[in-house]
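Q: Predicted model and sequence follow; I will ask about them next.
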Amino acid sequence: QRLVATEEEPEEKMIEAALRPKNLDDFVGQKRVRKQLSLVLEASKMRGRSADHVLLSGPPGLGKTTLAMIIAAEMEAPLRITSGPAIQHSGDLAAILSSLTPGEVLFLDEIHRMSRPAEEMLYMAMEDFRVDIVVGKGAGATSIPLDLPPFTLVGATTRAGLLPGPLRDRFGFTGHLEFYSVEELELVLRRSAGLMDMRISTEGFGEIAGRSRGTPRIANRLLRRVRDWALVNGIDDINAHDAASALDMYEVDSRGLDRLDRDVLEALIHKFGGGPVGLSTLAIAVGEETETVESVAEPYLVREGMVGRTPRGRVALPAAWEHLGLEAPEMA
Ligand code: ADP
């Protein structure tokens, strides 16, 4: 698996849980979302009501699950966690909803991947705290209305645009999470290093943060690899050079590009003169599936301004040449 993957690896669950901030004050960055959310929660507490439904959107690893846990903690409410793909039948959702306790927070990750019938059941549950449960099949089917206790739905999605309008409209508050700055990632790392009993210099944190692709999950993962490296090399006080050596060894470079990312840039520049070249040709050149290049490597390279998408194919932008230590040709 890639060290710079944004998704959580199964074996990371426990470690990630230990590093999660437990309240809004410990949650680094995302100032606007934090402020707005804090207001929503405060007002609900003053009214003595469960909080409005909250939709969190943003790429993986930026803190959506963490925020859901913080919402529950701040509301002093229990938290139930499920995900869109786990709810294929409306009956699955009915079972969860009807077993919620008053005030409970329901975290629904990847909410855009829920089935259509479940989605429709959710509309009514969110708005009226009621569901209609269908019993039986065909002509003999009847629907039984069931009242639900008040609850707070926290939905998470990688892109709010993937949600149908009626579902989006039922959230009282939508927070969009942005990629973190290097400075913010340094704070995330400082906090995690403290919890992991690691000693790292300020520049050392900077070195790791710069390779973390704006994503706390990746920052924490790189930090663990640096810890392994330092342990094996008998180093207690980690400086920038140590952090760089460790991450170079794992082939995560100074901008957070890994082997595959660099292969793509090198093929684009050395084999195709910087492009434009079609995606599938590029994929063949690096020996990967088109889908892998498109969904795994390309988004970050585009985000970093190294690769451009044009109607005639992919092109290497000046930043790509520069990153490989080459001089960019004059752009037409
Ligand atoms: P998502 O649900 O968006 O994929 P998570 O909430 O699971 O992301 O966060 C991934 C990891 O990154 C968690 O272990 C958490 O400790 C860390 N993390 C995320 N956001 C922050 C933050 N703002 N401050 C500190 N740590 C964070």
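A: Cool, got the structure.
Q: all strands in the protein, in order from the N-terminus.
A: Remark: strands assigned in the chain by DSSP state E are 54-57, 79-83, 105-109, 130-135, 142-147, 152-157, 173-176, 199-200, 237-238, 307-310, 313-316.
Q: Compute the number of surrounding residues for Leu163.
A: Neighbour count of Leu163, defined by other CB atoms under 10 Å: 21. (Each C-beta comes from the backbone N, C-alpha and C, glycine too.)
Q: Then the one 5 residues further on?
A: Using other CB under 10 Å, Arg168 has 17 neighbouring residues.
Q: There's contact between it and Thr174 in this structure, I believe.
A: Yes. Assessed by CB atoms under 8 Å, Arg168 is found in contact with Thr174 at 7.3 Å.
Q: Any chance of TSV for the strands of the chain, columns distance to the ligand?
A: Shown next, in TSV, are the strands of the chain (distance: least, CB to the nearest ligand atom, whole Å):
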stretch	distance to the ligand
strand 54-57	7
strand 79-83	10
strand 105-109	7
strand 130-135	26
strand 142-147	30
strand 152-157	6
strand 173-176	11
strand 199-200	16
strand 237-238	20
strand 307-310	24
strand 313-316	28
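Q: Dump those to TSV, plus mean neighbour count and mean pLDDT.
A: Below are these laid out as TSV (neighbours: other CB atoms under 10 Å; pLDDT from 0 to 100):
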stretch	mean neighbour count	mean pLDDT
strand 54-57	25	97
strand 79-83	16	96
strand 105-109	24	97
strand 130-135	15	89
strand 142-147	10	91
strand 152-157	26	97
strand 173-176	18	95
strand 199-200	19	98
strand 237-238	18	98
strand 307-310	16	96
strand 313-316	22	96
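Q: which of the residues in stretch 115-133 are buried?
A: Neighbour-count burial for stretch 115-133 flags Ser115, Ala118, Glu119, Glu120, Met121, Leu122, Met124, Ala125, Met126, Phe129, Val131, Ile133 (criterion: 16 or more other CB atoms under 10 Å).
Q: Which one of those is nearest to the ligand?
A: Leu122 (19.6 Å; CB to the nearest ligand atom).
Q: and the nearest residue to that closest one once chain neighbours are set aside, how far is that from Pro10?
A: Of all residues not flanking Leu122 in the chain, Leu93 sits nearest, at 6.4 Å (CB to CB, 6 or more residues apart in numbering). Per CB to CB, to the nearest Å, Leu93 is found 25 Å from Pro10.
Q: Pretty sure Glu9 is one of the things Arg217 touches, is it not?
A: No. At 9.6 Å, Arg217 does not count as touching Glu9 under the criterion of CB under 8 Å.
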